[in-house]
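Engineer: Predicted coordinates and the sequence they were generated for:
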Amino acid sequence: MDLKAEKNYDHNKLLLSDLNQLFAAVKQGGGKKRLEKIRAQGKMTARERVQTLIDPKSDFLEIGGFAGHNMYQEAGGCPSGGVVTGLGKIEGKLCVIVANDASVKAGAWFPISGKKNLRAQEIAMENRLPIIYLVDSAGVYLPMQDEIFPDKDHFGRIFRNNAQMSAQGIVQISAIMGSCVAGGAYLPIMSDEAMIVDQTGSIFLAGSYLVKAAIGEDIDNETLGGATTHCEISGVTDYKAKDDADALRRIKKLVGGMASQPTAGFNRIKTEPPSQPSDAIYRILPRERNQPYNTHTLLACLVDAGSMEEYKPDYGKTLITTYARIDGWSVGIVANQRQMTKNAKGQMQFGGVIYSDSADKATRFIANCNQRQIPLVFLQDVTGFMVGSQSEHGGIIKDGAKMVNAVANSIVPKFTIIVGNSYGAGNYAMCGKAYDPRLILAWPSAQLAVMGGVQAAKVLQQIETATQEKKGKQLSASEKQKILERIEKRYTEQTQPIYAAARLWVDAIIDPSETRNWISTGIEAANHAPIEKKFNVGVLQV
């Protein structure tokens, strides 16, 4: 038995177990009492609606499940951002699904709710996927209206996207299954088709209390904006459903009747299982972040057996660039090599660091994948670009800039998996969130930060100590140590994957053994959107 590998396994499985327990609590939304209250009203909960809508025995890949985690505590919290979003198949067709969770503040929109809805729309627009809205929301959370209402990427952007998707021919279907008030009323009505559930669904710009206050009219909500009103009098909605199940059945029927669309034509053949089992990943990833491992062994757990064809394997060894297949799909992989390697001069190179030769190799490889229209997969375990006089004199900034340029201008779909470290400019060069990956996913072992926690804490400690000394206060060694520990604790907290997922810096934290499924589904989604641009990197310092 390899004791080190077994310790790695136990450590990584514990991280995953902790994550799963936390997500089980998140799925309770506003709590069991509120979920039961929804059921008592004759409605399904948000997650029950999603599971009923998708095809039996199919997967729902949830996006932003941890959104809002440990945020808005003064307001009672906002689990999952008060909305369930993700990718699921309806009548065999891959769709984006958005379901308001009325158990969380009656489905009110917090700032993170708006960000999450916009991310769902972005996925639908990039991949030209149908999007289904299951509406049950009280509208903007008024105490925080200044953080969600007026800016470019706030609430109004959602309706702008409704209009643009409709113009682009991206199908949008809405079901009003509860409250739908004020500005939020535009979302379902700007969809291609909208239905409303009788007795439980209602839609209006102003509810009965506001109508009474504004114009003195006495009217109940059902008469003001219920299913009968909008299906028989105003004509605002297209279908009346008798209950949630009926509305979901109608959505399935509408999606099932949609025509097939042109595809991008990404190459796919019969899938082969990886040469190594997926659970071997847990034994490969080290417990200590600074410990090396061979990334080739990790790739053997992810790619179809026998499919790897490595590009420039003996050059720029701190990055692995390889053609391969994942679930039959042809992909180009750029992965940080975490082993110590030797360059052509026999000099040792640190694993996880990008050197000039590695950046040069990756730039050319990325260009080749764009030329051949092969989707790109980035596996991040990067501490940044190499520093020091030798690297600076060798033009590391120039070579790094070329790699960033190639990533930024890529026209093929990109998918990013944060395996371990994701620090500094390495995050950017390896297709971080700012570089528009179709999906960006983290393993429980991931960390995101401008630099490692220990290094950052020491820098911040030096700054704080210098500030105190300028004020004439001389700190003892123990006081300096306490400052260091306080800063390191706070900084380390901010580097954890759950912190990133709460703010939608990543789309999901996933079980490493599910990586192939996520990437395969992501490419299937991207295949719905033919590539119309040409690859061009503009001006480069060569």
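Structural biologist: Thanks, I have the structure now.
Engineer: for the stretch 101-250 of the chain, what spans make up the helices?
Structural biologist: 111-127, 155-168, 186-189, 208-215, 221-225, 227-228, 244-256 (DSSP state H, counting those that start in this stretch).
Engineer: low-confidence ranges in the stretch 1-150 of the chain?
Structural biologist: 1 (pLDDT under 70).
Engineer: Now do the strands in it.
Structural biologist: For the stretch 1-150 of the chain, strands defined by DSSP state E, counting those that start in this stretch occupy the ranges 60-63, 83-90, 93-100, 131-137.
Engineer: Quick check: which helices or strands does the third one pack against?
Structural biologist: Translated: strand 93-100. If you count contacts as 3 or more CB pairs under 8 Å, 6 or more residues apart in numbering; DSSP states H and E, strand 93-100 packs onto helix 46-53, strand 83-90, helix 111-127, strand 131-137, helix 244-256, helix 515-526. The C-beta positions use only the backbone N, C-alpha and C, and glycine is treated the same way.
Engineer: Kindly export the second one (C-alpha atoms) in PDB.
Structural biologist: Listed next in PDB are the C-alpha coordinates belonging to strand 83-90 (Å, rounded to 0.1, in the frame of the first residue of the first chain):
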ATOM      1  CA  VAL A  83     -32.700  31.000  -7.500                       C
ATOM      2  CA  VAL A  84     -31.800  27.600  -8.900                       C
ATOM      3  CA  THR A  85     -30.000  27.600 -12.300                       C
ATOM      4  CA  GLY A  86     -28.300  25.100 -14.500                       C
ATOM      5  CA  LEU A  87     -28.200  22.900 -17.500                       C
ATOM      6  CA  GLY A  88     -30.600  20.000 -18.100                       C
ATOM      7  CA  LYS A  89     -32.200  18.100 -20.900                       C
ATOM      8  CA  ILE A  90     -35.900  18.500 -21.700                       C
END
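Engineer: Have a look at this structure and report its longest helix.
Structural biologist: helix 3-26 (DSSP state H).
Engineer: Buried residues, that helix. List them.
Structural biologist: 8-9, 11-12, 15-16, 19, 23, 26 (16 or more other CB atoms under 10 Å).
Engineer: Adding mean neighbour count and distance to Val334, write the strands of the stretch 1-150 of the chain out as CSV.
Structural biologist: Below are the strands of the stretch 1-150 of the chain laid out as CSV (neighbours: other CB atoms under 10 Å; distance: least, CB to CB, whole Å):
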stretch, mean neighbour count, distance to Val334
strand 60-63, 20, 23
strand 83-90, 23, 24
strand 93-100, 23, 26
strand 131-137, 27, 30
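Engineer: and of those strands, who's closest to Thr341?
Structural biologist: Closest to Thr341 of the strands of the stretch 1-150 of the chain, according to CB to CB: strand 60-63, at 35.1 Å.
Engineer: Note down every partner strand of that closest one and its orientation.
Structural biologist: Its sheet considered, strand 60-63 pairs with strand 83-90 (antiparallel) by DSSP bridges.
Engineer: coming back round to it: of all the strands of the stretch 1-150 of the chain, which one comes closest to Ser179?
Structural biologist: Nearest of these to Ser179, taken as CB to CB: strand 131-137 at 6.1 Å.
Engineer: Mind exporting the C-alpha coordinates of the closest one to CSV?
Structural biologist: Extracted in CSV, the C-alpha atoms of strand 131-137 (Å, rounded to 0.1, in the frame of the first residue of the first chain):
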residue,chain,number,x,y,z
ILE,A,131,-33.8,29.0,-21.7
ILE,A,132,-36.7,28.2,-19.4
TYR,A,133,-37.8,30.6,-16.6
LEU,A,134,-39.9,29.2,-13.7
VAL,A,135,-41.0,32.5,-12.2
ASP,A,136,-42.0,32.8,-8.5
SER,A,137,-40.5,36.1,-7.1
